[in-house]
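> got a sequence here, can you model it:
(chains A and B)
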Amino acid sequence: MNNGSILKNRNMRKFNFLLQVLTLILLLLTGNHTTMMAQDSTAIGEEKIKARISLDYFNINNSEQQLIVTVKTKVEDRFVNTPGITVHLYKDLVAKENLLANPVTRIDGRATFALPNASDTVRMHTFIAIIENDSVVDDAEKEITISKAWMELTTEEQDSVKTIKVFVGVPDAEGKLQPVPGVPVFIFIKRLFGELPINKDAETTDEEGFVSLEIPADIPGDINGDYNIIGRVSDHELFGNLESSKNVSWGIPLALNASTQLHDLWLSSANTSEAILIITLVLLFCIFGVVIYIFRQLVNISRLG
Amino acid sequence: MIQRNKIQYSPEIEVDLQALGKDLLPRRFGTLGKIWVAVLVLSSLLSLILYIGQLRKGLIITDLRDFTPWGIYISNFVFFVAISLVGSLISAILKLSGAGWRTPMTRISEIIAVSAIIFAAIAIVLDMGRPDRFHHLLIYARIQSPITWDVIVITTYLIISILLLYIPMIPDLAYMRDRYHDIPKWQHKLYRILAINWNNTAEQKDKLSHAIAVLSVTIIPVAFGIHTVTSWLFATTLRPGWDSTNFGPYFVSGAFMVGASGVICGMAIFRKFLKMDHYFTDKHFERMGILLMVLSFVYLYFNVNEYFIPAYKLKGIESQHLQELFVGQYAPMFWSVQFFGMIVPIVVLLFKKGRKPVPMFIISVLVIVGAWFKRFLIVVPTLNHPYIPIQRVPESWQHYIPTFQELYITLGTVTGALLLITIFVRLFPVVPIVETAEELEEKKKTANE
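Below you'll find the model as predicted:
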């Protein structure tokens, strides 16, 4: 997104805002509120919008396979995520019997389809995503060919040296796993708001299909010292996206100072600080004491009359 | 029903009361007044219809998203809380400082305060995605949460403001009960009930003045509390632009400024349309002008303090926020607010000619409009710069442009508040009748001595 288009977009928004204010004033003056109800309806031109479609395959822990479709459309010279578009997903062939699903893109322009874990002897499949006959966007198509791979993350600990091993392989005709060398693997540790990369550059699998990496000992974990290690292959031309993760107790346990944390302002009402509770109640009693006194005075005034 | 004798005032006060009654007793609206009421009612009803639409469809009809969950509903809430502080300024602070000239303005200031605080509470409900869970604020209240403090302090301030509006009005209610004829029965009954057997006895007067004095003192800390706590809703949140220890006094000073402007507007409008030149004289405008100028200077000082120090340091994300305000997308609004809402009023009010009713009215409108946009600038731009970036959301969520429905529902709160003030003016005297008569008599006595 370049600065020019941001500026243009902002100017458009400012213009729309001014337009809304002017409409509001006009409506107030004329009392005509029928036009207002139509303000949300966007004028859709005859010409369809150009769409761009991308299709990604994910295999997580060798058990969860997903296809994620992302639809973007061209608005004011740039592509934006587009919700509400129906995408037809096919396996191997564009035919009615090969239709997997018709997911609709969400607000982030993505639609997800979980592939069933059926026993499948065919190891390589072509997935096709198609947009056709949509009332808003042009027809578009994307195709990917994926070979189902196996990825496994194991851990080792020797003399306080903590190592992880990631294996990448593909099953042969007999179902036996054959190692795949030269696959780039990234290792991460899951944090609260993101992932901490352990290797800056991807390690590639050796002849035996393995990547080994030593994990630093000074990484904080949760209160038990646990954290989640993730091994990931991203956008591989044959295998798509592979991910394998494992919980380990290698972290430094998080120390919570219970005596102060219990009374922090953001904790539950049961853990309210006594000082705050007392101050608030005293203030409330003082103020409402005055209010009660005033009401008593009013009753007295009434009686005196 | 017990037949009550009319209250007997001293012959001198009786003469003054007759003259004052002619001027100040509420009158039926003329054509212009009826049009005004019709516009307010229609506009408020339309807002209500739109709000019902929001209840049915949810907040999706607004532009409130993950980045900006507090939009103009909350900035409007802060604006109403600010303007409500005028009640304590005129009825309490000026009273305790012995400013006798404030008598004609007390009731206007109190009715503005009550209307504003009622609609401040409504503005909060508008922002709620599930208003049917409003009672959860009480059931699941966490006493350490500034939102709970705000709920408590708003309720308290509303109760005290209603009392401070009502109690000084009791002698007038009794006067209307006894001397105001040719009105519908319900209206007479209303005055009778509200007058709570007032007979103007020395004992009653003593208790009344004591109650008013106690309330005047009590409302000051509560008024400071309401706007300080409102400022803490922001200041206790770790956000660029809100992370300030100065927010309490900054909000309170701004509130006094806009509140004073609200009273000046009311004075100018009543002077013009209810022919109250004798009660809201040039002298009153002159004094309110000086007061507004002083308050503007104080607020300017806090503004300089609030922006200069962060701008000097330009630390981290704070610099992005300030750049958006100073030279970015909010710059036209920011500089207009600073110039028209603060600099222009100060400059105009420095001159005696600027403290005449017409320029004062224009200046006050500028201050009020500026104050509304100022609250928008406090609330919205900050929300666009969270310390932890919100991920995987559409680009449009990073900007906030209120939708038509939001704008109109917000406008409905303003017309609703004005409608409440108008209903009050139709039913009750905007200038205290008995208090003014007694003060006139007092002045005459002092002059004779």
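> pLDDT below threshold where in the stretch 1-150 of chain A?
A:1-46, A:118-121 (pLDDT under 70).
> ranges for the strands of it?
Remark: strands assigned in the stretch 1-150 of chain A by DSSP state E, counting those that start in this stretch are A:51-60, A:64-75, A:78-81, A:88-91, A:99-101, A:110-115, A:124-131, A:140-147, A:150-158.
> check the stretch 201-305 of chain A too.
With DSSP E, counting those that start in this stretch as the criterion, the stretch 201-305 of chain A has strands spanning A:203-204, A:210-214, A:227-236, A:240-248.
> tell me which residues touch residue 179, please.
In the absence of a named chain, this looks at chain A. A:167-169, A:205, A:207-210 (C-beta atoms under 8 Å, 6 or more residues apart in numbering or on different chains). Yep, even glycine has a C-beta here, placed from its N, CA and C like the rest.
> wrong one, chain B
B:6, B:17, B:21.
> which of these ranks first by neighbour count?
residue B:17 (23 neighbours; other C-beta atoms under 10 Å in any protein chain shown).
> one step back: filter the contacts of residue B:179 down to the ones in helices?
B:17, B:21 (DSSP state H).
> ok, the contacts of residue B:179 vs residue A:132, which is closest?
Closest to residue A:132 out of the contacts of residue B:179 is residue B:21 (81.4 Å), distances taken as C-beta to C-beta.
> let me know whether the closest one touches residue B:181 as I believe.
No. At 11.0 Å, residue B:21 does not count as touching residue B:181 under the criterion of C-beta atoms under 8 Å.
> quick check, the residue in chain B closest to chain A?
Per C-beta to the nearest C-beta, the residue of chain B with the smallest distance to chain A is residue B:197, at 2.6 Å.
> which residues does the residue nearest to that residue when sequence neighbours are not counted contact?
With C-beta to C-beta, 6 or more residues apart in numbering or on different chains as the criterion, residue B:197 has its nearest non-adjacent residue at 2.6 Å, and that residue is residue A:305. Contacts for residue A:305 (C-beta under 8 Å, 6+ apart) come out as B:196-199, B:201, B:204.
> run a quick neighbour tally on residue B:354.
19.
> got it, and residue B:125?
The burial count for residue B:125: 12, using other C-beta under 10 Å.
> coming back round to it: now the contacts of residue A:179 as JSON lines including distance to chain B and pLDDT?
JSON lines is the format used below for the contacts of residue A:179 (distance: C-beta to the nearest C-beta, whole Å; pLDDT from 0 to 100):
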{"residue": "A:167", "distance to chain B": "31", "pLDDT": "95"}
{"residue": "A:168", "distance to chain B": "28", "pLDDT": "94"}
{"residue": "A:169", "distance to chain B": "32", "pLDDT": "93"}
{"residue": "A:205", "distance to chain B": "30", "pLDDT": "93"}
{"residue": "A:207", "distance to chain B": "39", "pLDDT": "93"}
{"residue": "A:208", "distance to chain B": "37", "pLDDT": "93"}
{"residue": "A:209", "distance to chain B": "33", "pLDDT": "93"}
{"residue": "A:210", "distance to chain B": "33", "pLDDT": "94"}
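> who wins for most neighbours among those residues?
Going by other C-beta under 10 Å, residue A:168 tops these with 27 neighbours.
> what helix or strand does that residue sit in?
Element membership for residue A:168 (DSSP states H and E) is strand A:161-171.
> the helix or strand following that strand pairs with which strands, parallel or anti?
Note on strand A:161-171: by DSSP H and E, the next helix or strand toward the C-terminus is strand A:177-179. Strand A:177-179 has the following strand partners under DSSP bridges: strand A:161-171 (antiparallel).
> from chain A, which residue is nearest to chain B?
Closest point on chain A to chain B, by C-beta to the nearest C-beta, is residue A:305, at 2.6 Å.
> export the contacts of residue A:179 to a markdown table and tack on distance to residue A:63?
Below are the contacts of residue A:179 laid out as a markdown table (distance: C-beta to C-beta, whole Å):
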| residue | distance to residue A:63 |
| --- | --- |
| A:167 | 16 |
| A:168 | 16 |
| A:169 | 16 |
| A:205 | 21 |
| A:207 | 27 |
| A:208 | 24 |
| A:209 | 19 |
| A:210 | 21 |
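> surely residue B:383 and residue B:69 touch.
Yes. The pair residue B:383 / residue B:69 is scored as a contact, 7.2 Å apart, by C-beta under 8 Å.
> these two: who's more crowded?
Per other C-beta under 10 Å, whichever of residue B:383 and residue B:69 has more neighbours is residue B:383, with 23 against 15.
> what pLDDT does residue A:261 get?
Residue A:261 carries a pLDDT value of 60.
> go on, residue A:257?
68.
> hmm, back to that, against residue B:144, how distant is the residue of chain A closest to chain B?
46 Å (C-beta to C-beta, to the nearest Å).
> let's check: the centremost residue of chain A is which one?
When C-alpha atoms, centre = their mean is applied to chain A, the residue found nearest the centroid is residue A:108 (9.2 Å).
> picking that back up, who's in contact with the strand holding residue A:168?
Contacts of strand A:161-171 (C-beta under 8 Å, 6+ apart): A:123, A:147-157, A:177-180, A:183, A:185, A:187, A:205, A:209-215, A:217, A:229, A:231, A:233, A:239, A:242, A:244, A:246, A:248, A:250.
> and what of stretch A:102-120?
A:63-72, A:80-89, A:100-101, A:148, B:392-394.
> please list only the buried members of those residues.
Among those, those classed as buried by neighbour count (16 or more other C-beta atoms under 10 Å in any protein chain shown) are A:65, A:67-72, A:81-82, A:85, A:87-89, A:100, A:148.
> helices or strands up against the helix or strand encompassing residue B:364?
Using DSSP H and E, residue B:364 sits within helix B:357-383. When contacts are defined as 3 or more C-beta pairs under 8 Å, 6 or more residues apart in numbering or on different chains; DSSP states H and E, helix B:357-383 packs onto helix B:72-84, helix B:202-235, helix B:247-273, helix B:282-313, helix B:316-326, helix B:331-338, helix B:344-350.
> ok and the second one relative to helix B:72-84, angle-wise?
Here helix B:202-235 runs at an angle of 140 degrees relative to helix B:72-84 (axes from the mean of the first three to the mean of the last three C-alpha atoms, to 10 degrees).
> and helix B:202-235 with helix B:357-383, angle?
When the same axes, to 10 degrees is applied, the directions of helix B:202-235 and helix B:357-383 differ by 40 degrees.
> list the buried residues of helix B:202-235.
B:204-205, B:207-208, B:211-212, B:214-216, B:218-219, B:222-235.
> swap in the fourth one?
Along helix B:282-313, the positions that meet the burial threshold by neighbour count (16+ other C-beta under 10 Å) are B:284-289, B:291-293, B:295-296, B:298-300, B:302-303, B:306-307, B:310.
> that one packs against which elements?
Counting by 3+ C-beta pairs under 8 Å, 6+ apart, helix B:282-313 packs on helix B:103-126, helix B:247-273, helix B:316-326, helix B:344-350, helix B:357-383.
> any idea how far it is from the chain center?
18 Å (C-alpha atoms, centre = their mean, to the nearest Å).
> same deal with the last one?
What separates the centre of helix B:344-350 from the centre of its chain is 22 Å, taken as C-alpha atoms, centre = their mean.
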